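1. Build me a model:
(2 chains)
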Amino acid sequence: MVRNSTEHRYNDMRDKGSNPDLEAATRTPSLQAEPRTSFALGASSMAATSDALTTISQQEFEQGADRLGKLPDDVLLSILKRLDLRDAVRSSVLSRRWRHIPSVLPDIVLDVDSFDFKPVNDDGFKSKFKLSVTAGKNKAVARAAKSLLARRSHRPITNLSVAFYLRKDSIEIIRAVEVAMSSHGRGVVAANFTILRESVDDLQYDEPEMTRHGNIFLSYFNTCRRAFAGLTGLLVERVKLLESDIPNVLRTCQKLQWLSLVSCHTGRDKALVLEHPQLAELKLEHCHCYCIELKWLPKLSQLTCHTWLPSRTGRPLLLGHVPQLRRLMLLTADYGHYPTLKLSELLVNHAMLGELHLDFRIYRVSNHECIPMDEMLTMLHGTSKRENTKWELSDFKHRNLAVLEITGFLAEDKFMGYIRRVMNAAVNLERYVCMMTGAPTAKLVL
Amino acid sequence: MAAPESGDGNNGAARMVTLISSDNTRFEVEAAAASLSQTLQLTILDGGGGGGDGIPLPNVDSATLSKVLEYCIKHAPAAANGGAPNATAVDRAELERFDNEFVNIDQSVLYSLIMAAHNLEIEGLQSLVAKKVADMIKGKSPMEIRRTLGFPDPTPEEQAEMNAHMLEYGWAYE
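-> Okay, here's the model as predicted:
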């Protein structure tokens, strides 16, 4: 076997391994700095013949490990992306060359639910003070965020996703994110916060608690505006905010692409008026939000109102400038009087709408009891004849509606006729689901 | 000469190409199999590697190359089917069995394979070996990983560095 028959080894093939970080890592005083060609198979491996596949000496075994320790960053990252963050960070202790791993990881996902905490005495001065499980887990997230996000490197964080509890001390986590986003940190391409309620109980409406949560959330926001300004996604659970707070937050969070509000209260009997240049996905789940006005959302493509509690009076949904809106999902909760939503208006004015899901479900109030709606659902509506005549269905063709899903109503002839006309108008409808409930008192009037 | 397609030849006989390892061993292999390598694909599409020419691979020794080609030959039919959407469950299970067996190898071979897959840009093999190393690391303590991967025991100086590192990232060890 000719061992070094080739003079140009790895130099002529693309050497993807070169990278300032690794080279910096090799410059640690006690480690022999090696040139880029160290990534090439050394002469010893050239000797590896087929018999080497079966018998490998301890020395060769260690050489293999040694070479594993010197893998180029690209290869190393392809391994690390298959590990969870903890394993990736732990493996960085193995070799000096891997020591920089925590500062080059492209995806950093810190989820408070993935952190374990056994309630023991807190360290240091407050040794008598016991942390609750949620406090302990949150603290672990804060420590992880601080250790990971304080580093600088030439590789920005591609995706930073942090889920933590809505507690006062979470401000530490947000500060750490702010540092990473600043010129002192790695820089962050996309970042999102999932701010969870601490208690895992049901979503019962508890106004004082929600107000307190709202204040904590606003204190995060007021203290670390730069972190919020860098967010591309935000989920907030169970806070009460004034109707001016959300627009105010949106004005600062200019990069926001998705926003989810879960069990939030956004102002009684006032419209939630939304304007944002980037927002593409908006989800309101179980929110006390009486009227949503999508005033100016040029990029909005999807709106979901899940278990919605809309206004008893007036119109629950006002669509302004939403030229990109493709997918609309409205799922109501059991809520007595429903307002009217003119489907005809929706379809005529928003010809780009591609999917419409309407679910007038009977809201399950408790586990064993299913309370039927005692009011007629009139959300899907063409109500008076006068209005119906305005919508010349025969002339109107909706070319983009591909999915129409309507569930949770009682079938009536008039309604079915109406649906049929919608289907005829929606010339490109691909999927259509219409499910009736057997609830005796639920009716849909058109 | 322009080859018709990288896949099967026109008259039943599959087109062959020759690859030459760093230690000058020649391997003749179906073009379809060699084309799993993104690096080789263009050369092969241009008609290279046929006849007496051969494509020199100065980065890959013969032991590694024969291993790489074993993988490519096994995976070529599925790859030709565009990721084998119509592959049967049996076929897929067989490939999976092959893959598991394939990476059941020693560190030094694994390392050579990682580098070869990387340099030849063989996507499936890249993820296969990366997954293998990841699996060797998963859920283990640093000392266990050291032993699994065959890293030598740390010097006292290195141990001190490791301790500092573990202190800094204490949350990852809980």
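
2. quick one: terminal-to-terminal distance for stretch B:164-174?
-> 16 Å (CA to CA, to the nearest Å).

3. can it be found next to chain A?
-> Yes - applying CB under 8 Å from any CB of the partner chain, one finds stretch B:164-174 in contact with chain A at B:His165, B:Met166, B:Glu168, B:Tyr169, B:Gly170, B:Trp171, B:Ala172, B:Tyr173, B:Glu174. For every residue, glycine as well, the C-beta is placed using N, CA and C.

4. what residue ranges in chain B score low on pLDDT?
-> Regions of chain B meeting the criterion pLDDT under 70 cover residues B:1-13, B:51-52, B:81-87.

5. Please report how far B:Glu157 lies from A:Arg96.
-> Here the criterion is CB to CB, to the nearest Å. By it, B:Glu157 lies 11 Å from A:Arg96.

6. Just among the residues of stretch B:164-174 next to chain A, which is most surrounded?
-> B:Ala172 (25 neighbours; other CB atoms under 10 Å in any protein chain shown).

7. my guess is A:Leu68 meets B:Tyr111, correct?
-> Yes - with contacts counted by CB atoms under 8 Å, A:Leu68 reaches B:Tyr111, the gap being 5.4 Å.

8. So what touches the one helix or strand A:Pro208 maps to?
-> For A:Pro208, the host element (DSSP states H and E) is helix A:207-223. For helix A:207-223, the surrounding residues in contact (CB atoms under 8 Å, 6 or more residues apart in numbering or on different chains) are A:166-168, A:170-171, A:174-175, A:195, A:197, A:228, A:236, A:238-241, A:245, A:249, A:252, A:263-265.

9. So what's the residue count around A:Ile101?
-> 23.

10. Now it: closest residue in space that isn't a chain neighbour?
-> A:Ser92 (3.7 Å; CB to CB, 6 or more residues apart in numbering or on different chains).

11. got the contact list for that neighbour?
-> Residues counted as contacts of A:Ser92 (CB under 8 Å, 6+ apart) are A:Trp98, A:Arg99, A:His100, A:Ile101, A:Pro102, B:His165, B:Tyr169.

12. switch to 6 Å and redo it
-> A:Trp98, A:Arg99, A:Ile101, A:Pro102 (CB atoms under 6 Å, 6 or more residues apart in numbering or on different chains).

13. returning to what we had before: what's the next secondary structure element after the helix holding A:Pro208?
-> Heading C-terminal from helix A:207-223 (DSSP H and E), you reach helix A:225-229.

14. list the helices and strands that next one packs on?
-> Counting by 3 or more CB pairs under 6 Å, 6 or more residues apart in numbering or on different chains; DSSP states H and E, the packing neighbours recorded for helix A:225-229 are helix A:171-181, helix A:245-252.

15. Go again with 10 Å.
-> Identification of packing neighbours for helix A:225-229 by 3 or more CB pairs under 10 Å, 6 or more residues apart in numbering or on different chains; DSSP states H and E yields helix A:171-181, strand A:188-196, helix A:207-223, helix A:245-252.

16. buried set for the third one?
-> Put plainly, it is helix A:207-223. A:Glu209, A:Met210, A:His213, A:Gly214, A:Ile216, A:Phe217, A:Leu218, A:Tyr220, A:Phe221 (16 or more other CB atoms under 10 Å in any protein chain shown).

17. Quick check: closest non-adjacent residue to the residue in the stretch 201-350 of chain A that chain B sits nearest to.
-> Closest residue of the stretch 201-350 of chain A to chain B, CB to the nearest CB: A:Ala227 (20.4 Å). Take A:Ala227 and drop its neighbours on the chain: the residue closest to it by CB to CB, 6+ apart is A:Glu178, 3.9 Å away.

18. Quick check, the one you found in contact with A:Arg226.
-> Yes - with contacts counted by CB atoms under 10 Å, A:Glu178 reaches A:Arg226, the gap being 5.3 Å.

19. These two: who's more crowded?
-> Set A:Glu178 next to A:Arg226 and count neighbours by other CB under 10 Å: A:Glu178 wins out with 22 against 15.

20. one step back: from what I can see the residue of the stretch 201-350 of chain A closest to chain B touches A:Asn192, true?
-> No - A:Ala227 sits out of contact with A:Asn192 when judged by CB under 10 Å, with a separation of 11.3 Å.

21. and the gap between A:Ala150 and chain B?
-> 10 Å (CB to the nearest CB, to the nearest Å).
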